[in-house]
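>>> generate a structure from the sequence data that follows.
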Amino acid sequence: MTDLQPRPSYWLYLKLLLARFRTRGLLAGGFAVLAFGASLFWVWSDFDKPDPWVNLFGLLSVVFATLAAIWASMQSRLEGDYSLCFALAHGYVNNFARQALGDLLSQSPSGQFVIFRPAGLEELDDRSVETFKAALLAKGYTSSVRVLQPLGKRARDVFMIQGQRDHAGELRYVDFPATLLTLGSLIDYRNDQQRASSGHDMSVTERQLMTRSLIDGFFQEVVRLLAPQVAQGQIVFTDSRLIHL
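Numbers count the residues shown, from 1 in each chain. Below you'll find the model as predicted:
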């Protein structure tokens, strides 16, 4: 289970910030560097001017204030993005996962609720999900579908599997968190904003980094909300490699 435990993606987060800085702040950063270089030359060449270091530090203050403003504008958008993935996690856990786990344990006390963790949103489309299910069947599992209607909400199908490797009577629910597909609309919206402000679309790499970062945030919050069940092994995570299955 530890293989898929969410960990803080500091390097991924830094790469996302750098990608945004390149598309959002490159021109402003270039002007800041030019202004700084020109002022350095001016300060060091004008020996008759009293207290040149005062002018230099004054310039540094302006430059760093400008960069701080750019950083703050980027940071506010990042926080808005992450608030969405956290909201999705809370909705997923409170409106579905806890009820699904309770239903599972009422039938199979030693059962496990398995959450599929995609590497990208494309792994949640219908074709990819069917490919995953076919891979399970090829490994000798038997499958069925159970319809749940948690807390009076609309009914939702849950994929159930049993196999020869399972203990007697053990049942597993496997869920594909389609709520993550909402992130696609957010990324498209951010792309539209960037196109309007800079005239350029987000690069493929930037879209991938942003998607992975948001998925990481979603699963980190899911694990936090379900920490006791994760620690007891009632909830595990899998991926396209069929890990933990």
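
>>> could you pull out the helices for this structure?
Taking DSSP state H to define them, one finds helices in the chain at 10-24, 26-45, 52-92, 98-107, 126-138, 182-198, 204-225, 227-231.

>>> now the last one: buried residues?
Neighbour counts using 16 or more other CB atoms under 10 Å place 229, 230 of helix 227-231 among the buried residues. In this view, the C-beta of every residue, glycine as well, is placed from N, C-alpha and C.

>>> pLDDT on it, on average?
Mean per-residue pLDDT for helix 227-231: 94.

>>> next one: the first one
The average of the pLDDT scores along helix 10-24 is 52.

>>> same check on the fourth one?
Confidence over helix 98-107 (mean pLDDT, whole number) is 92.

>>> now it - C-alpha only, PDB.
Coordinates of each C-alpha in helix 98-107 appear next as PDB, following Å, rounded to 0.1, in the frame of the first residue of the first chain:
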ATOM      1  CA  ARG A  98     -17.500   6.200   3.600                       C
ATOM      2  CA  GLN A  99     -20.900   4.800   2.800                       C
ATOM      3  CA  ALA A 100     -19.500   2.400   0.200                       C
ATOM      4  CA  LEU A 101     -16.900   1.100   2.700                       C
ATOM      5  CA  GLY A 102     -19.700   0.600   5.300                       C
ATOM      6  CA  ASP A 103     -21.800  -1.300   2.800                       C
ATOM      7  CA  LEU A 104     -18.700  -3.500   1.900                       C
ATOM      8  CA  LEU A 105     -17.800  -4.300   5.400                       C
ATOM      9  CA  SER A 106     -21.400  -5.300   6.200                       C
ATOM     10  CA  GLN A 107     -21.100  -8.000   3.600                       C
END
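
>>> what packs against that helix?
If you count contacts as 3 or more CB pairs under 8 Å, 6 or more residues apart in numbering; DSSP states H and E, helix 98-107 packs onto strand 112-116, strand 142-148, strand 172-175.

>>> what mean pLDDT does the second one get?
What that stands for is strand 142-148. 88.

>>> list the buried residues for it?
Across strand 142-148, burial judged by 16+ other CB under 10 Å covers residue 148.

>>> name the helices or strands packed onto it?
Using 3+ CB pairs under 8 Å, 6+ apart: strand 142-148 touches helix 98-107, helix 126-138, strand 156-162.

>>> direction included, what does it pair against?
strand 156-162 (antiparallel) (DSSP bridges).

>>> buried stuff in the partner strand?
156, 158, 159, 160, 161, 162.

>>> quick one on the thing from earlier: residue 89: which of the helices and strands packed on helix 98-107 is closest?
strand 112-116 (11.0 Å; CB to CB).

>>> in the closest one, what counts as buried?
Buried, per 16+ other CB under 10 Å, within strand 112-116: 112, 113, 114, 115, 116.

>>> one more: stretch 107-125?
Going by neighbour count (16+ other CB under 10 Å), the buried part of stretch 107-125 is 108, 111, 112, 113, 114, 115, 116, 117, 118, 121, 123, 124.

>>> right, I'll call it a day here.
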